[in-house]
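Student: no FASTA, just this:
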Ligand SMILES: Nc1nc2c(ncn2[C@@H]2O[C@H](COP(=O)(O)OP(=O)(O)OP(=O)(O)O)[C@@H](O)[C@H]2O)c(=O)[nH]1
Ligand SMILES: [Zn+2]
């Protein structure tokens, strides 16, 4: 499993058949073998290595194969940039970390990250930090109808509910700089000491430093269940979605999708849609209005100018 990437060097951890690192697993540094050509290798990829697998300082293995990805989380640098940047492979959960204050929550950003997650086939989880500074009520009201699980944290909070939601899964943590992501990851992984309070440098408009995502193993739960993996990502300022279509969004909502069979051709099922099947379903009492509205907020977030 590729844990992190630094200037063309891939830090990998050897996994056993159960997809877990063995008790003595050491990180192995590898480079891409020539046969891979321009094929991308990203954090979370499962790869085959040959050569020196000792992990000894200075040793270098070669990545000769990237196994098929279950999921790929992508973003575009901004909405005018058609180039998709895959960020993380094989995750199954997307944890959107948002502060309740300092910085204030931006639902537009949450919605955009949700859309990217739905498009990638990841299950969302909203993690609201800094509850000591502001109450979570508005965000709870906005995201509960969507069916997004929500955990609320503050300094010294009991994280057992969050640990339970992370166990046996591969969870990508994403959030704006300063929301308390490192603080949270440090609390989840005692002894880790991820840098807190360091603002990410920005190398240009909407671009971030090459600081890679990094996969971190969570400690086992008290009952011996594997803790799962956290893939921590650099703070994001924007989340370009030009690679996602309205059809991609509604696929994540099978209960809504079934009512759109008779929509006019090209219907985007948004707030301004005409003769949309979702409105008919609401009128017939077959769908709750709040759920349709929440979904439509996602469709609108997709089309908003990137922030
Ligand atoms: N009041 C309060 N402050 C918090 C909480 N969590 C984190 N902080 C503070 O918020 C600041 C930013 O926290 P970080 O953990 O560095 O935030 P981050 O999201 O990792 O930021 P980047 O590293 O820039 O991506 C620090 O000063 C933390 O001490 C919280 O629950 N409540
Ligand atoms: Zn429609």
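Tutor: Yes, it's here. Worth saying up front: this structure is predicted, and the values here are computed from it rather than measured. Ligands and ions are numbered 1, 2, ... in the order given.
Student: let me see the ranges of the strands in the chain.
Tutor: Along the chain, counting by DSSP state E, strands occupy 2-6, 9-13, 27-32, 47-51, 61-66, 72-76, 84-89, 93-99, 123-129, 150-152, 170-174, 214-217, 229-232.
Student: burial count for the residue of the stretch 1-150 of the chain found nearest ligand 1?
Tutor: The stretch 1-150 of the chain approaches ligand 1 most closely through residue 130 (3.8 Å), counting by CB to the nearest ligand atom. No exception for glycine: its C-beta is placed from N, CA and C like everyone else's. Neighbour count of residue 130, defined by other CB atoms under 10 Å: 22.
Student: what's the neighbour count on the closest residue to it other than its chain neighbours?
Tutor: Ranked by CB to CB, 6 or more residues apart in numbering and with sequence neighbours excluded, the top spatial neighbour of residue 130 is residue 99, at 4.5 Å. When counting by other CB under 10 Å, one arrives at 21 neighbours for residue 99.
Student: what comes up buried for stretch 124-133?
Tutor: Residues of stretch 124-133 classed as buried by neighbour count (16 or more other CB atoms under 10 Å): 124, 125, 126, 127, 128, 129, 130, 131.
Student: tabulate those residues (CSV), appending pLDDT.
Tutor: Shown next, in CSV, are the buried residues of stretch 124-133 (pLDDT from 0 to 100):
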residue, pLDDT
124, 94
125, 97
126, 97
127, 97
128, 97
129, 97
130, 97
131, 97
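Student: so which of those is the closest to residue 274?
Tutor: residue 124 (29.4 Å; CB to CB).
Student: contacts only, for the closest one.
Tutor: Residues in contact with residue 124, defined by CB atoms under 8 Å, 6 or more residues apart in numbering, are 93, 94, 95, 96, 114, 117, 118, 148, 149.
Student: turn the residues you listed into TSV, columns for pLDDT and neighbour count.
Tutor: Below are those laid out as TSV (pLDDT from 0 to 100; neighbours: other CB atoms under 10 Å):
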residue	pLDDT	neighbour count
93	97	22
94	96	26
95	97	29
96	96	26
114	89	27
117	90	24
118	88	22
148	91	19
149	95	16
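Student: helices of the stretch 51-200 of the chain, start to end?
Tutor: Using DSSP state H, counting those that start in this stretch, the helices of the stretch 51-200 of the chain run over 107-120, 137-143, 160-166, 181-188.
Student: confidence-wise, which of those is weakest overall?
Tutor: For the helices of the stretch 51-200 of the chain, the weakest mean pLDDT is recorded on helix 107-120, namely a mean of 87.
Student: report the distance from that one to the chain centre.
Tutor: Chain-centre distance of helix 107-120: 9 Å, with CA atoms, centre = their mean, to the nearest Å.
Student: and stretch 28-42, how far out from the chain middle?
Tutor: The chain centre lies 23 Å from the centre of stretch 28-42; the measure is CA atoms, centre = their mean.
Student: my error: substitute stretch 289-298 in the last question.
Tutor: The chain centre lies 21 Å from the centre of stretch 289-298; the measure is CA atoms, centre = their mean.
Student: and stretch 60-73, by the same measure?
Tutor: That offset, for stretch 60-73, works out to 18 Å (CA atoms, centre = their mean).
Student: and the contacts of that stretch?
Tutor: Applying CB under 8 Å, 6+ apart, the contact partners of stretch 60-73 are 9-10, 12, 28-33, 35-36, 39, 41-42, 45-53, 86-92, 94, 116-117, 120-122, 172.
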